[in-house]
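Colleague: build the 3D model from these lines:
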Amino acid sequence: MSRLAVVFGGSRGIGRAVSQLLAQRGHRIVLLSRNKEGAQATAQSLPGENHLGLSCDVSKEEEVQKAFETINKTCGTVAFLVNAAGINRDALLLRSKSEDMLSVLHTNLLGSMLTCKAAVRNMLSHGGAVVNIGSVVGVKGNAGQCVYSASKAGLEGFTRSLAKEVASRNIRVNLVAPGLIHTDMTAGLEEAAAVRTIPLGRFGEPAEVAQAVLFLLESPYITGQILLVDGGLQLLM
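Modeller: Residues are numbered from 1 along each chain as shown. All right, here's what the predicted structure looks like:
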């Protein structure tokens, strides 16, 4: 059965892979990005019809509200929400600028709270599923990533708490925590050295994370869970 899936950060990386996989499964996709042209181009490239690309900065509540007003008017009720929008401004805490700290927290944590608030309101009468994208760094911590780690760890607590709040309305909320995945965010890493810390011996691909997201969206008896997709990285952190 075709359902409406809303994917924030859907124009690149993990969000793009999620959008592609959900479209292949026959679902209608609304993907959102700060880059409107990128969102529209990705929407047009997806298999199937009637996909929509919109611009939205998740850190700004008025933009999130406007996006969901458009979705409700033009597309109908939301069945799936995926929060894949995220940024990093990695630095040791003593060298982190306060504006960078706020930017990371507002996008990675507050942004997902805002999108969940809007989507859950839409789902109350018919149920639905949410998958937030966290990070293995949110689970284990990492030097030089204090702020990013805090934003993703906060997302875990938020995911579990929201899962408790909305379970009675048949809305499920889970989190996927990727490790080192081939995306723009990891492009600057020295891969040869990094893979030595991964038991499976390689970086993951966005499509492999998308498979985990799809599993949680479609699994009717799983909620409040944190699923690590990291090639075993957390075993050695």
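Colleague: measure the residue minimising distance to the centre of the chain to Cys146 for me?
Modeller: In the chain, the centroid-proximal residue (CA atoms, centre = their mean) is Ala84; its distance is 2.3 Å. In this view, Ala84 and Cys146 are 22 Å apart by CB to CB, to the nearest Å. Every residue, glycine included, has its C-beta placed from N, CA and C.
Colleague: how about Thr74?
Modeller: 41 Å.
Colleague: out of the two, which sits in the busier spot?
Modeller: Under the neighbour definition other CB atoms under 10 Å, Thr74 and Cys146 were set side by side, and Cys146 has more, 19 against 11.
Colleague: find me the pLDDT at that one, would you?
Modeller: Model confidence at Cys146, given as pLDDT, is 97.
Colleague: you'd agree it is up against Asp90?
Modeller: No - counting by CB atoms under 8 Å, no contact exists between Cys146 and Asp90, whose distance comes to 9.0 Å.
Colleague: residues in contact with Leu102?
Modeller: For Leu102, the set of contacting residues under the criterion of CB atoms under 8 Å, 6 or more residues apart in numbering is empty.
Colleague: how far away is it from Val147?
Modeller: In this structure, Leu102 lies at 9 Å from Val147, with CB to CB as the measure.
Colleague: once you drop chain neighbours, what's closest to Leu93?
Modeller: Distance criterion CB to CB, 6 or more residues apart in numbering; nearest residue to Leu93, sequence neighbours excluded, is Cys146 at 4.4 Å.
Colleague: next up, phi/psi of that neighbour, please.
Modeller: Summarising the backbone geometry of Cys146 under the convention degrees, to the nearest 10, its torsions are phi -60, psi -50.
Colleague: now do the same contact list for it.
Modeller: Taking CB under 8 Å, 6+ apart, one finds Leu92, Leu93, Ser96 in contact with Cys146.
Colleague: how close does it get to Leu228?
Modeller: To Leu228, Cys146 is 20 Å away according to CB to CB.
Colleague: what do you get for Glu62?
Modeller: 34 Å.
Colleague: and these two? Which one has more around it.
Modeller: Neighbours per residue, other CB under 10 Å: of Glu62 and Leu228, the larger number sits with Leu228, 20 against 9.
Colleague: so what touches the helix or strand hosting the more buried one?
Modeller: Secondary-structure assignment from DSSP states H and E places Leu228 in strand 226-229. With contacts defined as CB under 8 Å, 6+ apart, strand 226-229 is touched by 134, 136, 139, 156, 159, 174-179, 204, 208-209, 212, 215-216, 234.
Colleague: of those residues, which belong to strands?
Modeller: The members of these that map onto strands under DSSP state E are Asn174, Leu175, Val176, Ala177, Pro178.
Colleague: centroid-wise, who is the farthest residue in this structure?
Modeller: With distances taken from the mean C-alpha point of the chain and given as CA atoms, centre = their mean, the most distant residue is Leu94, at 28.2 Å.
Colleague: OK, contacts around it?
Modeller: Going by CB under 8 Å, 6+ apart, the list of residues near Leu94 is empty.
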